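Colleague: okay, predicted coordinates and the sequence, questions at the end:
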Amino acid sequence: MKYQVQVKPGSSQEKIIEDGDNLIIYLRAKAHDGEANSALIKLLSKHFHVGKTCVVVIQGAKSRNKIIEILK
C-alpha cells in the first residue's frame, strides 16, 4: 500500500493523522542526519504492525513530503 506522507519534525509529540491514503506525521526527531527518516520508519512499522524493512521511502527522502510504501 502506498501513502503520501507529510512529515512535521521537531514536534512536541509523536502522532499519525490518517486521511485516506494521506498521512500527516508529527515526529519528535529533528530533520538532521536522517534522524527524522529513522523515526518515521520506526513509528510507521509500529502503526502498521510490520517490520522496519517493510516500510520503504519511495520518493522524497530529503523532503517533508514523501511517498512511502508498506510491504506486507
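Modeller: Ah, there it is.

Colleague: hey, let's count contacts and neighbours off CA atoms from now on
Modeller: Fine.

Colleague: what helix or strand is the spatially most central residue of the chain located in?
Modeller: In the chain, the C-alpha nearest the mean C-alpha coordinate belongs to Leu40, at 3.6 Å (Cα atoms, centre = their mean). Per DSSP states H and E, Leu40 falls inside helix 35-48.

Colleague: would you mind listing the buried residues in the following helix or strand past that helix?
Modeller: Counting by DSSP H and E, the element after helix 35-48 in chain order, helix or strand, is strand 55-59. Buried residues in strand 55-59, counted by 16 or more other Cα atoms under 10 Å: 55, 57.

Colleague: what strands line up against strand 55-59, and which way round?
Modeller: The pairing partners recorded for strand 55-59 under DSSP bridges are strand 65-70 (antiparallel).

Colleague: any idea how far the partner strand is from the chain center?
Modeller: 7 Å (Cα atoms, centre = their mean, to the nearest Å).

Colleague: cool, and stretch 50-60?
Modeller: Worked out by Cα atoms, centre = their mean, stretch 50-60 lies 8 Å from the chain centre.

Colleague: kindly check the end-to-end length of that stretch for me.
Modeller: The straight-line separation of the ends of stretch 50-60 (Cα to Cα, to the nearest Å) is 21 Å.

Colleague: can we start the residue count at 12 from this point?
Modeller: Okay, using 12 as the starting number, the last item reads as stretch 61-71.

Colleague: contact partners of it?
Modeller: If you take Cα atoms under 8 Å, 6 or more residues apart in numbering as the criterion, stretch 61-71 is touched by 52-53, 55-56, 77-83.
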